[in-house]
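Asker: Structure of the sequence below:
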Amino acid sequence: MNLEAAEGLPRKRMTFSRAMRYQLLKFVRIRATPHAIGIGVAAGVFAAFLPLVGVHMALAAALAWLLGGNMIAAVACTVLIGNPLTYPFIWAATWEAGQMILGSKAKSMGTIHLHELVHKLSLGELWAPILKPLLIGSIPLGIAGGLVGYFVMVQAVTIIRARRQSRLQAS
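Answerer: This is a model prediction of the structure:
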């Protein structure tokens, strides 16, 4: 449809569910098997949970390549899952999971002055109270999220492609 024809039509509002459906259809249109897309999504979700800001996309693409998944799906999923709106929730969950795995000793470190530690760039002082629990907690949550993402995406791609194929055969 050209621009002149679209001017008279009312524009549909972009709701959250419509945006998610649009993103799902972008994954379905990737020319790969549902398994490869699922592996890519799993790699992207896993990488998004890791507290290695700045290397998520490269890590997701490398992981997808190693596992035989789709690298485009991995990078796209990393951007969808790991973004400024979701990072606070991801980091809070991974830190809490890391605290539970490490036990209560990590919680009894006293007050942490994060701004002061970051300003001094004291990696040694940041490791035990913040970075270690984040890294330890991100691994099981990333694996769990990746597994959920894999199964959901494989099912979604399979179902949507089958529906599209049946519509094409019917017409």
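Asker: Tell me how many other residues crowd the closest residue to Ile81 other than its chain neighbours.
Answerer: Counting by C-beta to C-beta, 6 or more residues apart in numbering, Ile81 lies nearest to Ala48, which is 4.0 Å off, once chain neighbours are set aside. Every C-beta, even on glycine, is put in place using the N, C-alpha and C of the backbone. For Ala48, the count of nearby residues is 27 (other C-beta atoms under 10 Å).
Asker: go on, Gly82?
Answerer: Neighbour count of Gly82, defined by other C-beta under 10 Å: 21.
Asker: Three-state assignment for the nearest residue to it once chain neighbours are set aside, please.
Answerer: Residue nearest to Gly82 in three dimensions, not counting chain neighbours: Ala48, with 3.2 Å by C-beta to C-beta, 6+ apart. Reduced to three states with DSSP: H, G, I helix; E, B strand; the rest coil, the structure at Ala48 is helix.
Asker: now do Pro51
Answerer: coil.
Asker: so it makes contact with Ala93?
Answerer: No: contact criterion C-beta atoms under 8 Å: Pro51 and Ala93 do not qualify, at 11.5 Å.
Asker: Give me the contacts around the strand or helix carrying Met100.
Answerer: Under the criterion of DSSP states H and E, Met100 resides in helix 87-102. Applying C-beta atoms under 8 Å, 6 or more residues apart in numbering, the contact partners of helix 87-102 are 48-49, 51, 81-82, 106-107, 130, 132-138, 140-141.
Asker: between Pro51 and Ala93, which one's more packed in?
Answerer: Neighbour count, other C-beta under 10 Å: between Pro51 and Ala93, Pro51 has more, with 18 against 15.
Asker: How about that one: what's its closest non-neighbour residue?
Answerer: Leu134 is the one closest to Pro51 (C-beta to C-beta, 6+ apart), at 4.2 Å.
Asker: Contacts only, for that neighbour.
Answerer: Leu134 touches Pro51, Trp91, Thr94, Trp95, Gly98, counting by C-beta under 8 Å, 6+ apart.
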